[in-house]
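Engineer: Got a sequence here, can you model it:
(one chain, ligands or ions: 1)
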Amino acid sequence: MRSARHLKFVALAVFIVMVLIAAVPFWLNRSVNDLLAQSRAELLAQQRLDDILTAMRDAETAQRGFVITGNDVFLEPYERIRGTLPAALRDAKDKARTDAERATAWRIARLAELKLAEVEEIIQLRRRAGFDATERAVSTLRGKQYMDDLRRLVAEEDARSRVRHDALQADLLARSNRSFVVSVAATVFDILVLGALLLIVMRMLRARRVIAGQLEAQAGQLAEAVALTTRHNRELKQVAELLRAVEAVPSVPDAAPVIARSLPKLLPGVSGTLFLLRDEDDHMLDLHTQWGTPSEQPPEIGIESCWSLRHGARYRTAGPNDLPCAHYRKPADEASGRLCVPLVTHDELVGMLHLEGLAAGADYEEQERLAVTVAEQLALALGNARLRESLRRQSVLDPLTGLFNRRHFDAALKRELARARRKNVPVSLVLVDIDHFKRVNDDYGHAVGDAVLRTIAQQLRLGIREGDIACRYGGEEMVLLLPECAAADAGTRAEAIRIALAAIAPHPQGEGPERVTASFGVAAYPAHAQDAEALFWAADKALYRAKQQGRNRVVTGA
Ligand SMILES: Nc1nc2c(ncn2[C@@H]2O[C@H](COP(=O)(O)OP(=O)(O)OP(=O)(O)O)[C@@H](O)[C@H]2O)c(=O)[nH]1
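Structural biologist: Presented below is the predicted three-dimensional model:
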């Protein structure tokens, strides 16, 4: 904008200078024209005097011819001159430009008039008195004197006029030369100024073109940055949605289908497999889910079978020349890249993401960047899910036996009773108390006692159906909650467990007693009680009776 304003000022200044310069030749031309007019006037003045002198000469010649011959024919020119001369003399006087010229014109006119009067006088004399008398009159030389004076005056004025004319011509020549030089100089100057202006304009246009190019490039970069930011924002939103969904799952394996649904949206065209670390073995990972059109993968892999898990960093193979991981069932094809990304949070391995069909070239970098970002966030979310799961387990499980704790049992009993009432189905309770457990502790120590407790808990777990609940109620007392199970079935199940318990070695390494037994008290809703407290009380009474009747037996409440 500023340069455009400067250019306007420069153009205006150049225009004014050029107009001034163009005016100089005009001005010079005008003065040349003045001189030409003066010169022409000078020539005309000379011509007028010459005409007067010629007329006078012709009048004198006519006079002479008539005097000699007496023939009127000779007077014709004279008569014509008499008609025209007064006007010529008046013209000479009127057109005189200076006082001196005017005085001369007056004197010439006076002499011409005197000469004309003398010619008329001689002609009349010739008519009246004849040739001789006329010859005598002519011999007085009065007429000759007039003509001589006239000639001298005209010659003098002629000479002066010529001097003036020559001076005018010289001036005219000088001015013409000057006008030519000035015109040439003005033209050259104009060309130079226009050239300079053109150069400036071209430079400015070039500079503008450069700036326009830079602006265009910047606009392009900006558009790219905006597109990139928009894409990153969209990805971030999708990643956030994925994380929210993973945060909501109750356990790590439950996250697998969520991940399989979300990742194709984040990485379109990319197939994948999710391996998650096994709970009880921190060297093995299980295949939990796949999406897209993945290659065949083993259902479980060891840490050693994947380069990314070995090195704790992402590992990519772009073609057959790259060393494949052992879990690839077939070599990576040339066109599509593979990427293994370990899922690590707080230095703990959670799983591994295996991606296939990644684009080649610059897009690959972009996909890899996104894949790594997703993997980092996913690892964090899965780590959190694992932590939540462990906390939840801790809050409901007994740490020694792995059975549910009393708090969970109380809640489960209320819930199952309500459901039984609603659905009009029975629910049974089996109280289990190890016989003479004090002796085990006393004879073998508490550590062996704990191990025996774990064995019995495991046996209880094995003896119930899925959906039944086994709890450690306190000390060596345990309880089974059997939904939709009537008293008779509960007694049968308790009996089976009792027999199995009595048959196994209670300590895994054989360091404890050879065998332990337990007593079972069974009560059922609605047969023995209507609410939780009464049901528990009925089962406890039955257990008491079992102990009373000699232990290692099942008693069902009446
Ligand atoms: N090792 C171990 N012992 C426990 C635990 N909880 C309770 N006990 C022991 O279990 C024993 C329970 O003894 P008692 O209530 O007298 O009954 P018992 O010896 O089993 O005899 P009966 O029930 O009458 O057959 C006590 O010695 C407790 O210290 C535990 O978590 N670990």
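Engineer: Gly550: what secondary structure?
Structural biologist: Following DSSP: H, G, I helix; E, B strand; the rest coil, Gly550 is assigned to coil.
Engineer: Could I get the pLDDT score of the closest residue in space to Val258 that isn't next to it in sequence?
Structural biologist: Spatial nearest neighbour of Val258, chain neighbours left out: Ala245 (4.5 Å); criterion: Cβ to Cβ, 6 or more residues apart in numbering. In short, each C-beta sits where N, CA and C put it, glycine included. The model reports Ala245 with a pLDDT of 87.
Engineer: So which elements touch the host helix or strand of Ala245?
Structural biologist: According to DSSP states H and E, Ala245 maps onto helix 142-248. Applying 3 or more Cβ pairs under 8 Å, 6 or more residues apart in numbering; DSSP states H and E, one finds that helix 142-248 contacts helix 2-69, helix 99-138, helix 255-266, helix 362-396.
Engineer: The helix or strand following the third one packs against which elements?
Structural biologist: Downstream of helix 255-266, the next assigned helix or strand under DSSP H and E is strand 271-278. Packed against strand 271-278, as judged by 3+ Cβ pairs under 8 Å, 6+ apart, are the following elements: helix 255-266, strand 281-291, strand 348-358.
Engineer: Dump these into CSV; add mean neighbour count as well.
Structural biologist: As requested, the helices and strands packed on strand 271-278 are exported to CSV (neighbours: other Cβ atoms under 10 Å):
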stretch, mean neighbour count
helix 255-266, 19
strand 281-291, 17
strand 348-358, 23
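Engineer: looking at these, which is closest to the ligand?
Structural biologist: strand 281-291 (27.8 Å; Cβ to the nearest ligand atom).
Engineer: Quick one: distance of the strand or helix carrying Ala523 to the chain centre.
Structural biologist: Using DSSP H and E, Ala523 sits within strand 518-525. Put simply, strand 518-525 sits 77 Å off its chain's centre (Cα atoms, centre = their mean, to the nearest Å).
Engineer: That strand: partners in the sheet, and parallel or antiparallel?
Structural biologist: strand 427-434 (antiparallel), strand 554-556 (parallel) (DSSP bridges).
Engineer: what's the most buried one of the ones you listed?
Structural biologist: Mean neighbour count (mean count of other Cβ atoms under 10 Å) peaks for strand 427-434 among those, with a mean of 27.
Engineer: Kindly calculate the angle that the following helix or strand past that one makes with strand 427-434.
Structural biologist: On the C-terminal side of strand 427-434, the nearest following helix or strand under DSSP H and E is helix 437-444. Computed by axes from the mean of the first three to the mean of the last three Cα atoms, to 10 degrees, the angle separating helix 437-444 from strand 427-434 equals 30 degrees.
Engineer: what helices or strands is helix 437-444 leaning on?
Structural biologist: Helices and strands touching helix 437-444, by 3+ Cβ pairs under 8 Å, 6+ apart, are helix 446-463.
Engineer: How far does the helix or strand that the helix it packs on is followed by sit from its chain's centre?
Structural biologist: Next helix or strand after helix 446-463 toward the C-terminus (DSSP H and E): strand 469-474. Strand 469-474 has its C-alpha centroid displaced from the chain centroid by 66 Å (Cα atoms, centre = their mean).
Engineer: what is the orientation angle of strand 469-474 with helix 362-396?
Structural biologist: 50 degrees.
Engineer: In a strand, Ala313, correct?
Structural biologist: No - Ala313 sits outside any strand when classified using three-state DSSP, being coil.
Engineer: That one and Glu156, how far apart?
Structural biologist: Distance, Ala313 to Glu156, by Cβ to Cβ, to the nearest Å: 125 Å.
Engineer: repeat for Lys423
Structural biologist: 159 Å.
Engineer: Please tell me the pLDDT value assigned to Val119.
Structural biologist: 91.
Engineer: can you tell me which residues contact it?
Structural biologist: 59-60, 62-63, 78, 143 (Cβ atoms under 8 Å, 6 or more residues apart in numbering).
Engineer: which one among these gets closest to the ligand?
Structural biologist: Closest approach between the contacts of Val119 and the ligand, by Cβ to the nearest ligand atom: Ala59, at 175.0 Å.
Engineer: ok so, going back, the residue nearest to Val258: what's it in contact with?
Structural biologist: So Ala245 contacts 255, 258, 262 (Cβ under 8 Å, 6+ apart).
Engineer: and those residues as a markdown table, adding distance to Arg151 and pLDDT?
Structural biologist: Putting the contacts of Ala245 into a markdown table (distance: Cβ to Cβ, whole Å; pLDDT from 0 to 100) gives the following:
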| residue | distance to Arg151 | pLDDT |
| --- | --- | --- |
| Ala255 | 140 | 89 |
| Val258 | 137 | 90 |
| Ser262 | 131 | 89 |
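Engineer: Just the closest of those residues to Val188, please.
Structural biologist: Nearest to Val188 among those, counting by Cβ to Cβ, is Ser262 at 80.0 Å.
Engineer: Report the separation between the spatially closest residue to that closest one that is not a sequence neighbour and the ligand.
Structural biologist: Nearest non-adjacent residue to Ser262, counting by Cβ to Cβ, 6+ apart: Leu242, 4.1 Å away. Going from Leu242 to the ligand by Cβ to the nearest ligand atom, to the nearest Å gives 43 Å.
Engineer: Leu242 and Val258 touch, don't they?
Structural biologist: Yes - at 7.1 Å, Leu242 and Val258 qualify as touching, with contact defined as Cβ atoms under 8 Å.
Engineer: show me what contacts Leu125?
Structural biologist: 133-134, 137.
Engineer: repeat that for 6 Å
Structural biologist: 134, 137 (Cβ atoms under 6 Å, 6 or more residues apart in numbering).
Engineer: pLDDT score assigned to whichever residue of the chain sits closest to the ligand?
Structural biologist: Using Cβ to the nearest ligand atom, the closest approach of the chain to the ligand is made by Gly449 at 2.5 Å. On pLDDT, Gly449 comes in at 95.
Engineer: ok, for it, nearest residue in space, not its chain neighbours?
Structural biologist: Asn441 (4.2 Å).
Engineer: Same question for Glu495.
Structural biologist: Spatially, and ignoring its direct neighbours in sequence, Glu495 is nearest to Val554 (4.9 Å; Cβ to Cβ, 6+ apart).
Engineer: Just list the residues touching the one you found, thanks.
Structural biologist: 491, 494-495, 498, 520.
Engineer: Which pLDDT value goes with it?
Structural biologist: If you check Val554, the pLDDT there is 98.
Engineer: quick one: it and Ala518, what's the gap?
Structural biologist: 10 Å.
Engineer: Residue numbers of the chain in contact with the ligand?
Structural biologist: 400, 433-438, 441, 446, 449-450, 453, 475-476, 547, 551 (Cβ under 6 Å from any ligand atom).
Engineer: Type out the ChimeraX command that picks the buried ones from the residues you listed.
Structural biologist: Applying 16 or more other Cβ atoms under 10 Å to the residues of the chain next to the ligand, the buried members can be selected in ChimeraX as follows:
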select :433,434,435,437,449,453,476
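Engineer: domains for the chain, by residue range?
Structural biologist: 2-186, 249-396, 406-556 (automatic domain parsing).
Engineer: residues in contact with the closest residue to Ala490 other than its chain neighbours?
Structural biologist: In space, Ala490 comes closest to Ser428 once its chain neighbours are excluded; the distance is 3.4 Å by Cβ to Cβ, 6+ apart. With contact set as Cβ under 6 Å, 6+ apart, Ser428 has these partners: 482, 485, 487, 490, 524.
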